[in-house]
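1. pasting a predicted model and its sequence here:
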Amino acid sequence: MRKQKLVSGNIYHVYNRGVEKRDIFIEDKDYLRFIYDLGLFNDVEPAYNVGFKLKQSIIDIGYQYVAENKFVDILAFCLMPNHYHLLLKQKVENGITEFMRKLGIGYVNYFNLEYQRVGTLFQGKFKSVLIENTSQLLYIPHYIHLNPLDKFMPKWREKKISNKKGAIDFLNSYKWSSYSDYTGIGKLIFPSVIEKDILSEYFGEANEYINDLYNFISDMDLSNISDLTLE
């Protein structure tokens, strides 16, 4: 996927899944750890807190690690049991590559220690696809945030969403994405992880994002981003 060098200032859809499609998140603490790591390893300085253990309850996780010199701006993310999606804007040369290297090593070390296993966790190197135009930039955050519908309406990509309100309600209840950061709905938000000003220029306030997502579901056309997705 990376035939060309990742360029600073550009935005990329970055994703990967578990080796053999195995789960990479098993319990809530795993999702929280990965989200914490999104902040911890997005720092050009060495990470000294890699032994951190998340012991707080879900509600108490109102803080995240804040880096002064970031590799990337994280615009959106979604974590699913066996894969993840990130929307990243590279800030420094080799920023995405270095960020993903640190993130991968850090999380795999945590996961292997936690579940007493050895070996690789992810299916090869992360995949990255350049967002080439505004249309793609407007669609890909919706695609990322709609991924949890795999649990509720598995055929949503085939435009088989019979209950749009139910779909939105389900997304409102899903904890492990940046959806809440853009809608203001839900108990978990990650303000120190997400840099949402860039997308907010296009989507506007929270209610506008929700309306735009609803319209996207109503008239869904994934053809514009077919080359940007995990499938």
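-> Cool, got the structure. Residues are numbered from 1 along each chain as shown.

2. what residues sit buried inside the lowest-mean-pLDDT helix or strand in the chain?
-> Counting by mean pLDDT, DSSP states H and E, the chain has its least confident helix or strand at helix 206-218, which shows a mean of 85. Neighbour-count burial for helix 206-218 flags 209-210, 212-213, 216-217 (criterion: 16 or more other C-beta atoms under 10 Å). Using the backbone N, CA and C atoms, a C-beta is placed for each residue, glycine as well.

3. the helix or strand where K29 lies - what's its average pLDDT?
-> Per DSSP states H and E: K29 is located in helix 28-40. For helix 28-40, mean pLDDT is 90.

4. same for that helix, what does it pack against?
-> Where contact means 3 or more C-beta pairs under 8 Å, 6 or more residues apart in numbering; DSSP states H and E, helix 28-40 is packed against strand 72-80, helix 95-114.

5. out of the ones you listed, which is closest to Y202?
-> strand 72-80 (10.6 Å; C-beta to C-beta).

6. could you dump that closest one to PDB, C-alpha only?
-> Taking C-alpha atoms only, strand 72-80 is exported to PDB below (Å, rounded to 0.1, in the frame of the first residue of the first chain):
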ATOM      1  CA  VAL A  72       0.500  13.200  13.700                       C
ATOM      2  CA  ASP A  73      -2.800  14.800  14.200                       C
ATOM      3  CA  ILE A  74      -5.400  12.100  14.900                       C
ATOM      4  CA  LEU A  75      -8.600  13.200  13.200                       C
ATOM      5  CA  ALA A  76     -10.800  10.200  13.800                       C
ATOM      6  CA  PHE A  77     -10.500   6.600  15.000                       C
ATOM      7  CA  CYS A  78     -12.600   3.500  15.600                       C
ATOM      8  CA  LEU A  79     -11.600   0.300  17.400                       C
ATOM      9  CA  MET A  80     -13.400  -3.000  16.600                       C
END
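
7. what comes into contact with the helix or strand following it?
-> Sequence-wise, the next helix or strand downstream of strand 72-80 (DSSP H and E) is strand 83-90. Residues from elsewhere that reach strand 83-90, judged by C-beta atoms under 8 Å, 6 or more residues apart in numbering: 6-18, 24, 34, 38, 71-78, 96, 99, 131, 140-141, 144, 147, 195, 198, 230.

8. okay, strand 83-90 in PDB with CA atoms only?
-> Provided in PDB are the C-alpha atoms of strand 83-90 (Å, rounded to 0.1, in the frame of the first residue of the first chain):
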ATOM      1  CA  HIS A  83      -9.200  -4.300  13.800                       C
ATOM      2  CA  TYR A  84      -8.800  -0.600  14.000                       C
ATOM      3  CA  HIS A  85      -9.200   2.500  11.800                       C
ATOM      4  CA  LEU A  86      -7.300   5.800  12.200                       C
ATOM      5  CA  LEU A  87      -7.500   9.000  10.200                       C
ATOM      6  CA  LEU A  88      -4.100  10.700  10.500                       C
ATOM      7  CA  LYS A  89      -2.600  13.900   9.300                       C
ATOM      8  CA  GLN A  90       1.200  13.700   9.200                       C
END
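
9. alright, that wraps it up for me.
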